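Trainee: Okay, here's the prediction I keep looking at, along with the sequence it came from:
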Amino acid sequence: QVQLVESGGGLVQAGDSLTVSCAASGRTFSAFANAMGWFRQAPGNEREFVAGIKLSGSSTFYADSVKGRFTISRDDAKNTVWLHMSSLKPEDTAVYYCASSQRRIFIPTGASLYDYWGQGTQVTVSS
């Protein structure tokens, strides 16, 4: 059984930085995924792709709205993926979810292409 657990969310001010993490338990990344992704969902909005990273090599992909501000990284030995967020804006406020995908396409951006999901962590950016 794969479990993804996010942590590190909180309340910050606009312009601040925050890092959220996603730890996988039960199996190593490579046993159940080819890519890891971060999504977010604000009230009344659909869940949207934020960033993704391939588990072979170090390819990454970002949504235009966060490009240059957010960085996704991983540590295979720790079975952990991080999303470092800087220059945060109020519109970044959302519940952030990590997810894993077995698809072998580059880095999936559609939520339906991800297999396992964490429970989410709230990030609130005040103006």
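Mentor: On my side now, so go ahead. Numbers count the residues shown, from 1 in each chain.
Trainee: mind checking the SS state of the residue nearest in space to the middle of the chain?
Mentor: The chain has Trp38 as the residue nearest its centroid, 2.0 Å off, counting by C-alpha atoms, centre = their mean. What DSSP: H, G, I helix; E, B strand; the rest coil gives for Trp38 is strand.
Trainee: What of Ser30?
Mentor: Three-state assignment for Ser30 (three-state DSSP): helix.
Trainee: which residues touch it?
Mentor: Ser30 is in contact with Leu55, Asp76, counting by C-beta atoms under 8 Å, 6 or more residues apart in numbering. Every residue, glycine included, has its C-beta placed from N, CA and C.
Trainee: mind redoing it with 7 Å?
Mentor: By C-beta atoms under 7 Å, 6 or more residues apart in numbering, the residues touching Ser30 are Leu55.
Trainee: measure it to Arg47 for me?
Mentor: Going from Ser30 to Arg47 by C-beta to C-beta, to the nearest Å gives 25 Å.
Trainee: Could the C-alpha coordinates of stretch 99-113 be exported in CSV?
Mentor: Output of stretch 99-113 as CSV, limited to C-alpha atoms (Å, rounded to 0.1, in the frame of the first residue of the first chain):
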residue,chain,number,x,y,z
ALA,A,99,0.7,12.7,-6.5
SER,A,100,2.5,9.9,-8.3
SER,A,101,2.1,8.8,-11.9
GLN,A,102,3.1,5.5,-13.6
ARG,A,103,2.6,7.0,-17.0
ARG,A,104,5.7,7.0,-19.2
ILE,A,105,4.9,10.2,-21.0
PHE,A,106,7.2,13.2,-20.2
ILE,A,107,5.6,14.6,-17.1
PRO,A,108,1.8,14.3,-17.0
THR,A,109,-0.1,17.5,-16.2
GLY,A,110,-3.6,16.1,-16.0
ALA,A,111,-4.8,15.0,-12.6
SER,A,112,-6.5,11.9,-14.1
LEU,A,113,-3.0,10.6,-15.1
